[in-house]
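J.: Give me coordinates for this.
(one chain, ligands or ions: 1)
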Amino acid sequence: MSALLEVQGLAKRFGSLRALDGVDLTVEEGRLTGLIGPNGAGKSTAFGCIAGALKPSAGSVRFRGVEIAGTAYHRVARLGIGRTYQIVQTFADMTVLEATTTGALMRRPRLRDAIAHAREVLTFVGLEDKRYRLGRALTIADKKRLEVARALATEPSLLLLDEVMAGLTPAECRDAVDLLRRILARGVTVLMVEHVMEVLMPIADRIVVIAAGKTIFAGTAGCAVRDRRVVDAYLGSPLEHGAIAETPT
Ligand SMILES: Nc1ncnc2c1ncn2[C@@H]1O[C@H](COP(=O)(O)OP(=O)(O)OP(=O)(O)O)[C@@H](O)[C@H]1O
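T.: Down below sits the predicted model:
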């Protein structure tokens, strides 16, 4: 397995606040890597820097061996990095099909091709029969599914998922895990931020833990739960990784 994404010494300042202050992480191709850490640790900021929404203050982000730190969001997306957002960005006044087509248009500029691809993706995620519903009319679980569909429609090789399980019931979490396994089986590599540890631990090949803007652990889930720094910084607090249906933040 080779590294699809290598992040080294990533730093991001917002004024005097050091949101990231030395994040290192490696994502192996074809694997699922979990990114965890306490509230405010810098997980979403790291996603923003990787996906081109934020310009890092320092550090390196290499995708397929090519430096992409500071590259604009749409270019990063074209290179093959797709992302979902923690706050569901569902297009309230668009239909499910329209919203997914906006993703598909990135690689398929002919509308007919984009719509056909969007329908394939909707079938894959299980939203095809809801394709004419408005985003605002969807349940939370379906809004999250639509976020994943829109990101998948850009045909990423690396998918960044930001808290796709938050707010879901245990049954919905199981469906989401099933979808994740099918996404991996399609050959898409996944880096996901997740607070629902009971879900993440069994499916993540590797876990990276950040706290106060720094990587404090990288390794298997089994080792993470026994690592003193991880327990002290994150797992030790039941509020941080509690019930499956909990909505963090
Ligand atoms: N645009 C911004 N301007 C100023 N400060 C920011 C901005 N975005 C994030 N921060 C700050 O950077 C730090 C890291 O925030 P970030 O959202 O990346 O953490 P997180 O690990 O994703 O947290 P959570 O688990 O709560 O989502 C926090 O102190 C946050 O308040």
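J.: low pLDDT regions in the chain?
T.: 1, 86-90, 237-249 (pLDDT under 70).
J.: how about it, which residue sits the furthest from its center?
T.: Residue distances from the centre of the chain (CA atoms, centre = their mean) peak at R112, which lies 28.3 Å from the mean C-alpha position.
J.: in the one helix or strand it maps to, what counts as buried?
T.: Element membership for R112, per DSSP states H and E: helix 111-125. Neighbour counts over helix 111-125 (16 or more other CB atoms under 10 Å) mark 114-115, 117-119, 121-122, 124-125 as buried. Any C-beta I mention is one placed from the backbone N, CA and C, and that applies to glycine too.
J.: Stretch 229-236 too?
T.: So for stretch 229-236, counting by 16+ other CB under 10 Å, buried means 230, 233-235.
J.: Following element in sequence after the helix holding R112, please.
T.: As assigned by DSSP H and E, the chain's next helix or strand after helix 111-125 is helix 140-152.
J.: for the spatially most central residue of the chain, phi and psi?
T.: By CA atoms, centre = their mean, the chain has its centre lying nearest to L161, at 1.5 Å. With angles defined as degrees, to the nearest 10, L161 sits at phi -110, psi 120.
J.: residues near the residue nearest to it when sequence neighbours are not counted, how many?
T.: Using CB to CB, 6 or more residues apart in numbering and skipping the chain neighbours, the partner closest in space to L161 is M192 (4.0 Å). Using other CB atoms under 10 Å, M192 has 24 other residues around it.
J.: for stretch 203-211, the distance to its chain's centre please.
T.: How far stretch 203-211 lies from its chain's middle: 12 Å, per CA atoms, centre = their mean, to the nearest Å.
J.: when you scan it, is anything in it near the ligand?
T.: No - using CB under 6 Å from any ligand atom, stretch 203-211 stays clear of the ligand, with a minimum separation of 7.2 Å.
J.: ok, and for stretch 22-31, which residues are buried?
T.: Those buried within stretch 22-31 under the rule 16+ other CB under 10 Å are 22-27, 30-31.
J.: That one and the ligand in contact?
T.: No - residues of stretch 22-31 contacting the ligand under CB under 6 Å from any ligand atom: none, with a closest distance of 10.3 Å.
J.: ok, back up a step: and which of the buried residues of stretch 229-236 is nearest to A99?
T.: Closest approach to A99 among the buried residues of stretch 229-236 (CB to CB): Y234, at 33.7 Å.
J.: Looks like that closest one contacts I36 (just checking).
T.: Yes - using CB atoms under 8 Å, Y234 is in contact with I36, at 6.3 Å.
J.: I figured A51 hits H74, correct?
T.: No - look at A51 against H74 with CB under 8 Å: they stay out of range, at 10.4 Å.
J.: Next, the residue nearest to H117 when sequence neighbours are not counted: phi, psi?
T.: Sequence neighbours aside, A104 is the residue nearest to H117 in space, at 4.4 Å (criterion: CB to CB, 6+ apart). Note on A104: backbone dihedrals following degrees, to the nearest 10 are phi -60, psi -30.
J.: what residues are up against A104?
T.: Applying CB atoms under 8 Å, 6 or more residues apart in numbering to A104 gives the contacts 113-115, 117-118, 121, 153-154.
J.: Pull up the gap between it and the ligand, please.
T.: 28 Å (CB to the nearest ligand atom, to the nearest Å).
J.: Can you report how many residues lie near G37?
T.: For G37, the count of nearby residues is 26 (other CB under 10 Å).
J.: ok, now which ones touch it?
T.: Contacts of G37 (CB under 8 Å, 6+ apart): 43, 209-211, 233-234.
J.: cool, V190 as well?
T.: V190 makes contact with 31-33, 158-159, 161, 180, 183-184 under the criterion CB under 8 Å, 6+ apart.
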